[in-house]
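>>> Show me the folded form of this:
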Amino acid sequence: MLSALIGRQKKYAQAKTTQAKVEVPKGMYTKCPHCKKNIYVIDLLSSIGVCPSCSGHLPISPNGRISKLVDLESFEEFDKDMLSANPLEFEGYEEKIQVTMKKVEQNEAVITGKGKIKGIETVLAVMDPRFIMGSMGSVVGEKITRAIEYATENRLPIIIFSASGGARMQEGIYSLMQMAKTSAALARHDDAGLLFISVLTNPTTGGVTASFAMLGDIIIAEPHALIGFAGPRVIEQTIKQKLPSGFQRAEFLLEHGMIDCIIERKNMREELYTLLKLHTKEVNDGGY
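Here you go, the predicted model:
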(Lines give C-alpha, C1' and ligand atoms only; values in the text may rest on other atoms or scores of the structure.)
Protein backbone atom coordinates (compact mmCIF):
# COMPACT_ATOMS: atom_id res chain seq x y z
CA MET A 1 0.00 0.00 0.00
CA LEU A 2 2.76 2.44 1.01
CA SER A 3 4.94 1.50 -1.95
CA ALA A 4 2.00 2.00 -4.31
CA LEU A 5 1.33 5.43 -2.81
CA ILE A 6 4.99 6.42 -3.15
CA GLY A 7 4.94 5.23 -6.73
CA ARG A 8 1.89 7.38 -7.50
CA GLN A 9 3.51 10.38 -5.81
CA LYS A 10 6.66 10.01 -7.90
CA LYS A 11 4.68 9.80 -11.12
CA TYR A 12 2.68 12.87 -10.15
CA ALA A 13 5.82 14.80 -9.23
CA GLN A 14 7.53 13.88 -12.49
CA ALA A 15 4.50 14.85 -14.52
CA LYS A 16 4.19 18.15 -12.69
CA THR A 17 7.88 18.93 -13.25
CA THR A 18 7.60 18.16 -16.95
CA GLN A 19 4.55 20.40 -17.36
CA ALA A 20 6.26 23.27 -15.51
CA LYS A 21 9.47 23.12 -17.57
CA VAL A 22 10.21 26.33 -19.46
CA GLU A 23 12.24 26.25 -22.66
CA VAL A 24 14.84 29.02 -22.72
CA PRO A 25 15.21 30.54 -26.21
CA LYS A 26 18.65 29.96 -27.69
CA GLY A 27 20.92 32.89 -27.01
CA MET A 28 18.88 34.39 -24.17
CA TYR A 29 21.43 33.42 -21.51
CA THR A 30 25.16 32.80 -21.41
CA LYS A 31 27.40 31.52 -18.62
CA CYS A 32 30.06 33.70 -17.05
CA PRO A 33 33.45 31.91 -17.30
CA HIS A 34 34.52 33.53 -14.02
CA CYS A 35 31.66 32.97 -11.55
CA LYS A 36 29.80 30.33 -13.64
CA LYS A 37 26.47 32.11 -13.18
CA ASN A 38 23.97 32.50 -16.00
CA ILE A 39 23.78 36.03 -17.40
CA TYR A 40 20.88 37.52 -19.28
CA VAL A 41 22.40 38.45 -22.64
CA ILE A 42 20.66 41.82 -22.76
CA ASP A 43 22.26 42.69 -19.40
CA LEU A 44 25.63 41.66 -20.77
CA LEU A 45 25.23 43.86 -23.83
CA SER A 46 24.32 46.89 -21.74
CA SER A 47 27.35 46.34 -19.47
CA ILE A 48 29.85 46.12 -22.39
CA GLY A 49 30.49 42.43 -21.71
CA VAL A 50 31.03 42.73 -17.95
CA CYS A 51 29.31 40.17 -15.71
CA PRO A 52 26.80 41.91 -13.39
CA SER A 53 27.40 39.29 -10.68
CA CYS A 54 31.21 39.19 -10.37
CA SER A 55 32.39 42.06 -12.63
CA GLY A 56 34.31 39.54 -14.74
CA HIS A 57 35.29 40.95 -18.14
CA LEU A 58 34.12 38.66 -20.95
CA PRO A 59 35.47 38.79 -24.51
CA ILE A 60 33.74 41.29 -26.80
CA SER A 61 34.00 41.84 -30.54
CA PRO A 62 36.48 44.42 -31.84
CA ASN A 63 33.63 46.38 -33.43
CA GLY A 64 31.77 46.39 -30.12
CA ARG A 65 34.84 47.65 -28.29
CA ILE A 66 35.63 50.29 -30.91
CA SER A 67 32.05 51.60 -30.85
CA LYS A 68 32.38 52.28 -27.10
CA LEU A 69 35.76 54.02 -27.50
CA VAL A 70 35.63 56.35 -30.48
CA ASP A 71 33.46 59.31 -31.34
CA LEU A 72 30.35 58.51 -33.37
CA GLU A 73 31.09 57.74 -37.03
CA SER A 74 34.76 58.70 -36.66
CA PHE A 75 36.30 55.27 -37.23
CA GLU A 76 37.91 54.45 -40.57
CA GLU A 77 39.03 50.83 -40.93
CA PHE A 78 42.34 49.88 -42.57
CA ASP A 79 43.06 46.80 -44.73
CA LYS A 80 39.56 45.43 -44.31
CA ASP A 81 39.84 42.95 -47.20
CA MET A 82 43.23 41.44 -46.31
CA LEU A 83 42.85 37.65 -46.06
CA SER A 84 45.05 34.83 -44.78
CA ALA A 85 46.69 32.39 -47.17
CA ASN A 86 47.98 28.90 -46.39
CA PRO A 87 51.73 29.21 -47.07
CA LEU A 88 52.62 25.87 -45.46
CA GLU A 89 49.65 24.04 -47.02
CA PHE A 90 48.53 23.05 -43.53
CA GLU A 91 45.73 20.52 -43.82
CA GLY A 92 42.31 21.93 -42.93
CA TYR A 93 43.60 25.46 -42.29
CA GLU A 94 41.73 27.15 -45.13
CA GLU A 95 38.47 25.49 -44.06
CA LYS A 96 39.05 26.58 -40.45
CA ILE A 97 39.56 30.17 -41.59
CA GLN A 98 36.37 30.13 -43.64
CA VAL A 99 34.29 28.65 -40.80
CA THR A 100 35.66 31.18 -38.32
CA MET A 101 35.09 34.11 -40.67
CA LYS A 102 31.45 33.13 -41.01
CA LYS A 103 31.02 32.55 -37.28
CA VAL A 104 32.44 35.86 -36.03
CA GLU A 105 31.67 37.90 -39.18
CA GLN A 106 35.25 39.16 -39.53
CA ASN A 107 38.09 38.43 -41.94
CA GLU A 108 40.85 38.10 -39.33
CA ALA A 109 41.76 38.24 -35.65
CA VAL A 110 42.41 41.98 -35.61
CA ILE A 111 40.69 45.14 -36.79
CA THR A 112 42.84 48.21 -37.41
CA GLY A 113 41.99 51.77 -38.29
CA LYS A 114 41.87 55.33 -37.07
CA GLY A 115 39.26 57.22 -35.11
CA LYS A 116 38.80 60.04 -32.65
CA ILE A 117 38.54 59.68 -28.89
CA LYS A 118 36.81 62.87 -27.72
CA GLY A 119 38.24 64.68 -30.71
CA ILE A 120 41.81 63.32 -30.50
CA GLU A 121 42.75 61.37 -33.64
CA THR A 122 44.22 57.99 -32.75
CA VAL A 123 45.21 54.80 -34.55
CA LEU A 124 43.67 51.64 -33.12
CA ALA A 125 44.34 47.91 -33.42
CA VAL A 126 41.87 45.64 -31.63
CA MET A 127 42.40 41.88 -31.46
CA ASP A 128 39.61 39.30 -31.26
CA PRO A 129 40.08 36.14 -29.13
CA ARG A 130 37.05 34.58 -30.85
CA PHE A 131 39.02 34.27 -34.12
CA ILE A 132 41.18 31.16 -33.64
CA MET A 133 41.98 32.38 -30.12
CA GLY A 134 43.25 35.69 -31.49
CA SER A 135 46.33 33.90 -32.77
CA MET A 136 48.84 36.03 -34.67
CA GLY A 137 49.39 34.89 -38.22
CA SER A 138 50.99 36.79 -41.09
CA VAL A 139 47.86 38.88 -41.77
CA VAL A 140 47.46 39.89 -38.12
CA GLY A 141 51.12 40.91 -37.96
CA GLU A 142 50.93 42.76 -41.28
CA LYS A 143 47.79 44.69 -40.33
CA ILE A 144 49.23 45.72 -36.96
CA THR A 145 52.55 46.72 -38.57
CA ARG A 146 50.80 48.83 -41.21
CA ALA A 147 48.72 50.52 -38.50
CA ILE A 148 51.88 51.36 -36.54
CA GLU A 149 53.60 52.69 -39.66
CA TYR A 150 50.57 54.83 -40.50
CA ALA A 151 50.66 56.27 -36.98
CA THR A 152 54.38 57.01 -37.33
CA GLU A 153 54.06 58.65 -40.75
CA ASN A 154 51.15 60.81 -39.61
CA ARG A 155 52.57 61.50 -36.14
CA LEU A 156 49.64 59.95 -34.32
CA PRO A 157 49.43 57.91 -31.12
CA ILE A 158 48.51 54.24 -31.41
CA ILE A 159 46.52 52.08 -29.01
CA ILE A 160 46.65 48.29 -29.36
CA PHE A 161 44.16 46.07 -27.53
CA SER A 162 45.75 42.64 -27.25
CA ALA A 163 43.80 39.40 -26.84
CA SER A 164 45.63 36.34 -28.09
CA GLY A 165 46.71 32.79 -27.48
CA GLY A 166 50.00 33.53 -29.24
CA ALA A 167 51.49 32.68 -32.63
CA ARG A 168 49.33 30.78 -35.13
CA MET A 169 50.85 27.32 -35.42
CA GLN A 170 49.35 26.68 -38.87
CA GLU A 171 51.68 29.34 -40.31
CA GLY A 172 54.86 28.26 -38.54
CA ILE A 173 57.85 30.58 -39.07
CA TYR A 174 55.67 33.07 -40.98
CA SER A 175 53.76 33.63 -37.77
CA LEU A 176 56.87 33.91 -35.60
CA MET A 177 58.32 36.52 -37.97
CA GLN A 178 55.47 38.88 -37.02
CA MET A 179 56.95 39.27 -33.53
CA ALA A 180 60.08 40.91 -34.92
CA LYS A 181 58.19 42.88 -37.58
CA THR A 182 55.71 44.49 -35.19
CA SER A 183 58.43 45.20 -32.62
CA ALA A 184 60.66 46.87 -35.22
CA ALA A 185 57.76 49.07 -36.36
CA LEU A 186 57.15 50.12 -32.75
CA ALA A 187 60.85 50.93 -32.31
CA ARG A 188 60.60 53.38 -35.23
CA HIS A 189 57.41 54.81 -33.74
CA ASP A 190 59.25 55.33 -30.46
CA ASP A 191 62.25 56.91 -32.20
CA ALA A 192 59.82 59.46 -33.65
CA GLY A 193 58.81 60.40 -30.10
CA LEU A 194 55.26 59.13 -30.45
CA LEU A 195 52.94 57.47 -27.94
CA PHE A 196 52.03 53.78 -27.84
CA ILE A 197 49.44 52.64 -25.29
CA SER A 198 49.15 48.87 -24.88
CA VAL A 199 45.93 47.49 -23.41
CA LEU A 200 46.07 43.86 -22.29
CA THR A 201 42.80 41.95 -22.21
CA ASN A 202 41.99 38.35 -21.37
CA PRO A 203 43.97 36.44 -22.52
CA THR A 204 47.23 38.01 -23.69
CA THR A 205 49.76 35.19 -24.02
CA GLY A 206 52.47 33.62 -26.16
CA GLY A 207 54.22 35.49 -28.96
CA VAL A 208 51.97 38.54 -28.62
CA THR A 209 53.13 39.01 -25.02
CA ALA A 210 56.71 38.39 -26.11
CA SER A 211 56.52 41.15 -28.71
CA PHE A 212 54.34 44.24 -29.11
CA ALA A 213 51.99 43.79 -26.15
CA MET A 214 54.67 44.53 -23.54
CA LEU A 215 56.36 47.37 -25.43
CA GLY A 216 53.90 50.10 -24.57
CA ASP A 217 54.97 53.45 -23.19
CA ILE A 218 51.95 52.92 -20.95
CA ILE A 219 50.70 49.38 -20.31
CA ILE A 220 47.10 48.99 -19.14
CA ALA A 221 45.20 45.81 -18.31
CA GLU A 222 41.57 44.95 -17.82
CA PRO A 223 40.67 43.39 -14.45
CA HIS A 224 41.64 39.72 -13.97
CA ALA A 225 43.15 39.43 -17.46
CA LEU A 226 45.48 36.45 -17.95
CA ILE A 227 48.84 37.83 -19.10
CA GLY A 228 51.98 35.79 -19.70
CA PHE A 229 54.10 33.86 -22.17
CA ALA A 230 53.42 30.23 -21.26
CA GLY A 231 50.21 29.34 -19.47
CA PRO A 232 50.25 28.59 -15.72
CA ARG A 233 49.59 24.88 -16.24
CA VAL A 234 52.55 24.59 -18.62
CA ILE A 235 54.82 26.40 -16.15
CA GLU A 236 53.73 24.21 -13.23
CA GLN A 237 54.37 21.06 -15.25
CA THR A 238 57.79 22.35 -16.29
CA ILE A 239 59.13 23.55 -12.93
CA LYS A 240 57.19 20.97 -10.86
CA GLN A 241 56.07 23.67 -8.43
CA LYS A 242 52.75 25.20 -7.44
CA LEU A 243 52.43 28.79 -8.60
CA PRO A 244 51.30 31.63 -6.32
CA SER A 245 47.60 32.43 -6.17
CA GLY A 246 46.53 34.74 -8.99
CA PHE A 247 49.82 34.21 -10.86
CA GLN A 248 49.77 35.87 -14.31
CA ARG A 249 46.56 37.76 -13.58
CA ALA A 250 46.52 41.53 -14.09
CA GLU A 251 46.43 42.26 -10.36
CA PHE A 252 49.51 40.10 -9.72
CA LEU A 253 51.42 41.83 -12.54
CA LEU A 254 50.47 45.29 -11.26
CA GLU A 255 51.71 44.39 -7.78
CA HIS A 256 55.04 43.24 -9.26
CA GLY A 257 55.55 46.24 -11.55
CA MET A 258 54.93 44.59 -14.92
CA ILE A 259 52.02 46.86 -15.88
CA ASP A 260 51.14 50.47 -15.06
CA CYS A 261 47.47 50.28 -14.14
CA ILE A 262 44.21 48.32 -14.31
CA ILE A 263 41.19 50.02 -15.84
CA GLU A 264 37.66 48.68 -15.96
CA ARG A 265 36.08 48.53 -19.38
CA LYS A 266 33.38 51.07 -18.52
CA ASN A 267 36.08 53.65 -17.71
CA MET A 268 38.41 52.88 -20.62
CA ARG A 269 37.31 55.67 -23.01
CA GLU A 270 37.61 58.40 -20.37
CA GLU A 271 41.00 57.19 -19.07
CA LEU A 272 42.45 56.81 -22.57
CA TYR A 273 41.27 60.30 -23.43
CA THR A 274 43.06 61.68 -20.36
CA LEU A 275 46.31 59.93 -21.36
CA LEU A 276 46.03 61.05 -24.98
CA LYS A 277 45.33 64.65 -23.95
CA LEU A 278 48.49 64.71 -21.85
CA HIS A 279 50.54 63.63 -24.86
CA THR A 280 49.02 65.67 -27.68
CA LYS A 281 51.22 68.09 -29.61
CA GLU A 282 49.07 71.05 -28.60
CA VAL A 283 49.52 70.37 -24.88
CA ASN A 284 53.25 69.76 -25.17
CA ASP A 285 53.76 72.90 -27.28
CA GLY A 286 51.98 74.84 -24.58
CA GLY A 287 54.71 73.94 -22.13
CA TYR A 288 52.62 71.73 -19.91
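
>>> got the residue ranges for the strands in the stretch 151-288 of the chain?
Assigned by DSSP state E, counting those that start in this stretch, the strands in the stretch 151-288 of the chain fall at 158-164, 196-204, 218-221, 261-262.

>>> who wins for proximity to I42 among the ones you listed?
I42 sits nearest to strand 196-204 of all the strands of the stretch 151-288 of the chain, at 22.4 Å, using Cβ to Cβ. Just so you know, the C-beta spots here come from the backbone N, C-alpha and C atoms, and that holds for glycine as well.

>>> In the closest one, which residues are buried?
Going by neighbour count (16 or more other Cβ atoms under 10 Å), the buried part of strand 196-204 is 196-204.

>>> Reformat these as TSV; add pLDDT and distance to P157.
Shown next, in TSV, are those (pLDDT from 0 to 100; distance: Cβ to Cβ, whole Å):
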residue	pLDDT	distance to P157
F196	98	7
I197	98	7
S198	98	12
V199	98	13
L200	98	17
T201	97	19
N202	93	24
P203	93	25
T204	96	20
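
>>> picking up where we left off before, of all the strands of the stretch 151-288 of the chain, which one comes closest to A184?
Nearest to A184 among those is strand 196-204 (13.2 Å), distances taken as Cβ to Cβ.

>>> Check the secondary structure at S67 for me.
Using DSSP: H, G, I helix; E, B strand; the rest coil, the structure places S67 in helix.

>>> Tell me who's in contact with it.
Contact analysis of S67 by Cβ atoms under 8 Å, 6 or more residues apart in numbering lists nothing.

>>> neighbours around V139, how many?
Neighbour count of V139, defined by other Cβ atoms under 10 Å: 22.

>>> Show me the contact partners of the one helix or strand it maps to.
Element membership of V139, judged by DSSP states H and E, is helix 138-153. In this structure, residues lying in contact with helix 138-153 by Cβ under 8 Å, 6+ apart are 78-79, 82-85, 87, 108-110, 112-114, 123-125, 127, 156-158, 160, 168, 171, 174-175, 177-179, 181-182, 185-186, 188-189, 192, 194, 196, 212.

>>> quick revisit: distance to K31 for the strands of the stretch 151-288 of the chain - can I get that in CSV?
As requested, the strands of the stretch 151-288 of the chain are exported to CSV (distance: least, Cβ to Cβ, whole Å):
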stretch, distance to K31
strand 158-164, 19
strand 196-204, 16
strand 218-221, 23
strand 261-262, 24
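
>>> Select from the contacts of helix 138-153 every entry located in helices.
174-175, 177-179, 181-182, 185-186, 188-189 (DSSP state H).

>>> related to what we said a few turns ago, nearest to C51 among the buried residues of strand 196-204?
Set against C51, the nearest of the buried residues of strand 196-204 by Cβ to Cβ is N202 (12.2 Å).

>>> For M214, see how far away that closest one is.
Plainly put, N202 is 16 Å away from M214 if you go by Cβ to Cβ, to the nearest Å.

>>> which residue is nearest the centroid of the chain?
A163 (3.2 Å; Cα atoms, centre = their mean).

>>> didn't it look like it was pressed against F131?
No - here A163 does not reach F131: they are 9.6 Å apart, not a contact under Cβ atoms under 8 Å.

>>> How about the contacts made by the closest residue to G113 other than its chain neighbours?
Nearest residue to G113, sequence neighbours excluded (Cβ to Cβ, 6 or more residues apart in numbering): E77, at 4.1 Å. Listed by Cβ under 8 Å, 6+ apart, the contact partners of E77 are 111-113.

>>> Which ones among those lie within strands?
If you go by DSSP state E, those have 111-113 in strands.

>>> Neighbour-wise, which one of these leads?
T112 (27 neighbours).

>>> The spatially closest residue to it that is not a sequence neighbour: neighbour count?
Of all residues beyond its chain neighbours, the one nearest T112 is A147 (4.0 Å), with distances taken as Cβ to Cβ, 6+ apart. A count of nearby residues for A147, using other Cβ under 10 Å, gives 26.
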